[in-house]
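Participant: predicted model and sequence below, questions to follow.
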2 protein chains.
Amino acid sequence: MILIKIGGSVFSDKRGEPENFDTETVMRIAGEIAEFYPNEEFIVVHGGGSFGHYHASEHAIREGLSGEWESDRRKKIGFSLTHQSMLRANASFIEVFLSQNLPAFSVSTSSIFLTERGEIVYADIEVIEKLLELDFIPILFGDVSVDVAQGIDILSGDQIMAYLTKMLKPKKVIFLMDVDGIYDGKPGEGSLIQELAREEVPALLERLHCTASGTDVTGGICNKLRKAHEMAYYSEVWFVNGKVPGRLSGAIRGDGFGTRLR
Amino acid sequence: MILIKIGGSVFSDKRGEPENFDTETVMRIAGEIAEFYPNEEFIVVHGGGSFGHYHASEHAIREGLSGEWESDRRKKIGFSLTHQSMLRANASFIEVFLSQNLPAFSVSTSSIFLTERGEIVYADIEVIEKLLELDFIPILFGDVSVDVAQGIDILSGDQIMAYLTKMLKPKKVIFLMDVDGIYDGKPGEGSLIQELAREEVPALLERLHCTASGTDVTGGICNKLRKAHEMAYYSEVWFVNGKVPGRLSGAIRGDGFGTRLR
């Protein structure tokens, strides 16, 4: 099984119109997956991009519930609106995959995961496993989450990736990004790292000034690298450019251009 | 907690345009719920109406997978299309409830239930219970299901109602229909039964010629009555007309017009 994350910046422009969706790019990505299906099994997880984000930040979902009834009621409505927005992104993915004759099926992240301050503490992946057995392609997404510590929170696509990698041990994990892979510096600056051993990750984190406190000047790369470091224990991890044709299929075949973490 | 089923015929006309949704009726129903929220907790389950049905019958989902690859591939695509259609119905419900300031939240039926020939054999209602604790109103729906016996099937809203009643023991279960309740005969004919004891159900089933084989000339009433007979063991069950203003709130208060099963 191959686990693929389609980053928000790959299919949507966060600075563009609300809920913009790059059908052309997703159609091409689905096409590259179709080259290998059904010989390979796939699970897809997508991020938010211009979906979800607006309601999530407008209602400060990450801060959880306050205990004040009227303000919490508005927050809960924002929580529900965020989920509906993510379902619209997901519906666009499903539509594109089905149009490529791929039996994709929507699994609602917030229906099966509970978090504690954004980290997964409970999950039920029974349906996902059964869908895989039947050769479906489950498509999950970064979503809101019911949180046992603060009532509500956000569950990121990257967290879902780490969890599914640990539980399902895919033979390959592929992150589609809007840059060519992991750079030894800010994306676009420094040089692209094409091969990286798991043992080299801590030193790289240090070179990138990734502190534990989470200040992250490299556009989320620190968190991604930390998660990848965990995932590399169970699976080979690739970071490739989802905007460039052929990069995904290269990673699936194993001879592609990008960063490969062994 | 009060468990409410909104029948497909209450919010949608099966013989009308595909995916027609009676916003006015649902707005009124949400308004009647809003009179009692948050003093009462609610879970809502809705049926399909003109949603879902088309793809489900077009692809003969109820018959399950055949084992023939190409035909199953088309069936799986129909299965996914059915779910997406039900998600659109559900999104309309969520929108109406949120507009009435009710913190409704969509829970995807097919993400948390597995069936065996349409009967629930596995369920994870952890998220639903947590949502209730936080005073959300979870909204589920009749949906497709991954089926351990035949690969795929349909999970009806009535099955979900029976399961949730057994597990969560609501103080009241209310079925909203497009008729006034249970008749001693075909709906519209015979006389409306206003009070019914659980012990009287088997005799009524016999009078309505409800056979075990499932021939059902009374528009689904036989199956509903059988399920209600099970549910009445755990909860009071009401059947009221969802098209008529005030009937739902009457059932919630306990002095309404319809059929009450003790």
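Facilitator: That came through, no problem. Computed from a predicted structure; not experimentally measured. Numbers count the residues shown, from 1 in each chain, chains lettered A, B, ... in the order given.
Participant: every contact and neighbour count from this point should use C-alpha atoms.
Facilitator: OK.
Participant: nearest residue to A:Lys14 other than its sequence neighbours?
Facilitator: Setting aside the residues directly before and after it, A:Lys14 is nearest to A:Ser50 in space (C-alpha to C-alpha, 6 or more residues apart in numbering or on different chains), at 4.3 Å.
Participant: OK, contacts around that neighbour?
Facilitator: When contacts are counted by C-alpha atoms under 8 Å, 6 or more residues apart in numbering or on different chains, A:Ser50 touches A:Gly8, A:Ser12, A:Asp13, A:Lys14, A:Arg15, A:Gly16, A:Glu17, A:Pro18, A:Glu19, A:Asn20.
Participant: and the strands in the stretch 51-200 of chain A?
Facilitator: Applying DSSP state E, counting those that start in this stretch to the stretch 51-200 of chain A gives strands spanning A:104-106, A:113-116, A:119-123, A:137-141, A:143-147, A:151-155, A:172-177, A:195-196.
Participant: quick one: A:Phe21 is in a helix?
Facilitator: No: counting by DSSP: H, G, I helix; E, B strand; the rest coil, A:Phe21 is not part of a helix but coil.
Participant: ok, it touching A:Ala91?
Facilitator: No: contact between A:Phe21 and A:Ala91 fails when scored by C-alpha atoms under 8 Å: they sit 10.9 Å apart.
Participant: can you tell me what sits against the helix or strand hosting A:Val10?
Facilitator: Assigned by DSSP states H and E, A:Val10 belongs to helix A:8-11. Outside helix A:8-11, the residues that touch it by C-alpha under 8 Å, 6+ apart are A:14, A:21-23, A:25-26, A:46-50, A:176-178, A:242-243.
Participant: now do 10 Å
Facilitator: A:14-15, A:20-26, A:29, A:46-51, A:89, A:93, A:141-142, A:157, A:176-179, A:241-244 (C-alpha atoms under 10 Å, 6 or more residues apart in numbering or on different chains).
Participant: and the stretch 151-262 of chain A, which residues reach chain B?
Facilitator: A:Gly151, A:Ile152 (C-alpha under 10 Å from any C-alpha of the partner chain).
Participant: from the stretch 151-262 of chain A, which residue is nearest to chain B?
Facilitator: Residue of the stretch 151-262 of chain A nearest chain B, by C-alpha to the nearest C-alpha: A:Gly151 (7.0 Å).
Participant: where does the residue lying closest to A:Thr165 once chain neighbours are set aside fall, phi/psi-wise?
Facilitator: Leaving aside its sequence neighbours, A:Thr165 sits nearest to A:Met231 (C-alpha to C-alpha, 6+ apart; 6.2 Å). Recorded main-chain torsions at A:Met231 are phi -60, psi -30, according to degrees, to the nearest 10.
Participant: I figured A:Met231 hits A:Val237, correct?
Facilitator: Yes: between A:Met231 and A:Val237 there is a contact at 7.3 Å, judged by C-alpha atoms under 10 Å.
Participant: wait, which of the contacts of A:Ser50 is closest to chain B?
Facilitator: A:Glu19 (15.9 Å).
Participant: report the contact partners of that closest one.
Facilitator: Here A:Glu19 is in contact with A:12-13, A:48-54, A:85-86, A:88-89 (C-alpha under 10 Å, 6+ apart).
Participant: ok, now which ones touch the residue positioned nearest the centre of chain A?
Facilitator: What sits nearest the mean C-alpha location of chain A, by C-alpha atoms, centre = their mean, is A:Gly157, with 3.3 Å. Going by C-alpha under 10 Å, 6+ apart, A:Gly157 touches A:5-8, A:44-48, A:109, A:140-143, A:163.
Participant: from these, which is closest to chain B?
Facilitator: Relative to chain B, the closest of the contacts of A:Gly157 is A:Thr109; by C-alpha to the nearest C-alpha it sits at 8.5 Å.
Participant: ok, that closest one - how many residues close by?
Facilitator: 28 (other C-alpha atoms under 10 Å in any protein chain shown).
Participant: state the pLDDT value of A:Glu206.
Facilitator: On pLDDT, A:Glu206 comes in at 88.
Participant: do I have it right that A:Ser249 meets A:Glu40?
Facilitator: No: judged on C-alpha under 10 Å, A:Ser249 makes no contact with A:Glu40 at a distance of 11.9 Å.
Participant: so what sits against both of these two?
Facilitator: Counting by C-alpha under 10 Å, 6+ apart, the residues touching both A:Ser249 and A:Glu40 are A:Ile33, A:Ala34.
Participant: which of those two has more neighbours?
Facilitator: The neighbour count for A:Ser249 versus A:Glu40, taken as other C-alpha under 10 Å, is higher for A:Ser249 (19 against 13).
Participant: in which helix or strand does the nearest residue to A:Glu17 once chain neighbours are set aside reside?
Facilitator: Using C-alpha to C-alpha, 6+ apart and skipping the chain neighbours, the partner closest in space to A:Glu17 is A:Ser50 (7.4 Å). Assigned by DSSP H and E, A:Ser50 belongs to no helix or strand.
Participant: cool, thanks, signing off.
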